[in-house]
Every structure is written in structure tokens, then in C-alpha cells.
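Q: would you be able to build a 3D model of this:
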Amino acid sequence: MTSSRLHPEIYVTWLSKLLVGDNSCEWSVWYKSHYLYRRLPNNFDSVSYQIKHTALLNQARVMLEAKGKVISTESQNWFEIRGKTATLRGKPDLVAVGDTCIICDAKTGQERSSDVAQVMIYMWAMPYAYPKYKGIGFDGLLIYPDRELSIPSCSITEEFKDSLLELIERVGSFIEARKVPSYAECKYCDISKGDCSDRVEENEQQGSVTIDLF
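A: Sure thing, here's the model as predicted:
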């Protein structure tokens, strides 16, 4: 049964895809932030993912500890930043502190722009969430099965901050965000047609035609 949240709650993983355009439907994140709802089931193999992710994370931890870093892992890094508009929540995979400080996330799939955006949000948020990190400029690190991707602290520009805060305000607002329904996005969305009447459940291939002009 659907019910309203007392205060909008937004997760970093929801924002990262919108921030870089991997997803376009702001309404889906707006709805998740404002309502508790019955989620659609999915066929995602969570056990297989967790096994691969844990192995990759352990490799990253060993590598960073070998460089003299003090590591905190997953739930140790949980944060909740409550603002006037909404509460932002997240959980970086690893935080490594030493002569340089690094926020690291492990990804088992193909590289996506939203992976970078997710780590950048963590880099921005952690100094607010934990007093012990106040004033620290975190670097970012993405660990994939076959490569590593570094994100320098200078990536957290004023432009990035403005874009992030504007997105949080739009999603946290009580004015409904923009819907952009499409089969490509809706098939991965866990909001049912009962809660979103515009949900596209079949690939109608709109815009796909055959002509003889070329």
C-alpha cells in the first residue's frame, strides 16, 4: 500500500543516473523519494552480484591497505544528510584515509558515466556527513574487474555542486517532477503501472519506420 513519507528521502544511487543523463525520468526518483510503495519484483541475480562485488571490494581493500591507508567499509560509511528539502542518503564501498584520502566504489558491470557521478557525490557529501572528514578533499577511485579509474578531487567544481543541489531541490520539491516514460527506462523501473499510469510495458518501437527516401 502506498503512503507518503514525512520528509523526502533521496539515495545517491538514484541521483547519479539523472545527473549524467543515463536516466531521464526525474518523476520516478521524485516518486520514490516522496512515497513508500510496493515495488515490482525483478529477475536480478543479487546473490551472484554480491559474491562478485565482495571479491572485487576485498581486492581493492588489500591494495589500499598495502599503501598504508586506514580503511572503513560499506556500513561504516553510511551517511544521512538532512536538508530543508530532503534527506540525502548513501554508503560508499570504501573510504581510505592516509597521506591522501580516497573514496572507492567497486563495480562488477560495464563502465557507466553514472558510476563516476555516484563517487563524485560521495566525494562531495562525506566531509559534510562526518566531522572527522571536514575540510578533506577526497579523491575518487572506481574499481572494475579489468581496470581502475581515478577521479581527482578537483572534479568537485562549483558547477558540479550547483547541478547536484538543483537536482536535489527538484526531486525533493512537493511539485511533481517531469515524467519521461519510455520502454528503455520503464523496463528497469520498479514502480508499477498502478502507481504510474504512464508506464510503458511493451516495446512499441515508436519512431522506427521503413522508408524509401534513402
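Q: okay, CA-based contacts and neighbour counts for the rest of this
A: Will do.
Q: what stretches of this protein score poorly on pLDDT?
A: Along the chain, the model assigns pLDDT under 70 to residues 204-208.
Q: need the longest helix for it.
A: helix 46-66 (DSSP state H).
Q: gap between that helix and the chain center?
A: A distance of 19 Å separates the centroid of the chain from that of helix 46-66, by Cα atoms, centre = their mean, to the nearest Å.
Q: same deal with stretch 102-113?
A: Using Cα atoms, centre = their mean, the offset of stretch 102-113 from its chain centre is 11 Å.
Q: so what touches that stretch?
A: Outside of stretch 102-113, the residues within contact range by Cα atoms under 8 Å, 6 or more residues apart in numbering are 17, 20, 22, 49, 52-53, 56-57, 60, 92-96, 115, 119, 122-123, 138-145.
Q: filter those down to the buried ones.
A: Buried by 16 or more other Cα atoms under 10 Å: 17, 20, 52-53, 56-57, 60, 92-96, 115, 119, 122-123, 138-144, out of those.
Q: what ranges do the helices span in this protein?
A: Using DSSP H, the helices of the chain run over 12-20, 26-34, 46-66, 113-129, 158-172, 183-186.
Q: dump these to a markdown table, plus distance to Ser3.
A: Compiled in a markdown table, the helices of the chain are given as follows (distance: least, Cα to Cα, whole Å):
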| stretch | distance to Ser3 |
| --- | --- |
| helix 12-20 | 20 |
| helix 26-34 | 9 |
| helix 46-66 | 27 |
| helix 113-129 | 28 |
| helix 158-172 | 16 |
| helix 183-186 | 22 |
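Q: of all the ones you listed, which one is nearest Val200?
A: helix 183-186 (5.2 Å; Cα to Cα).
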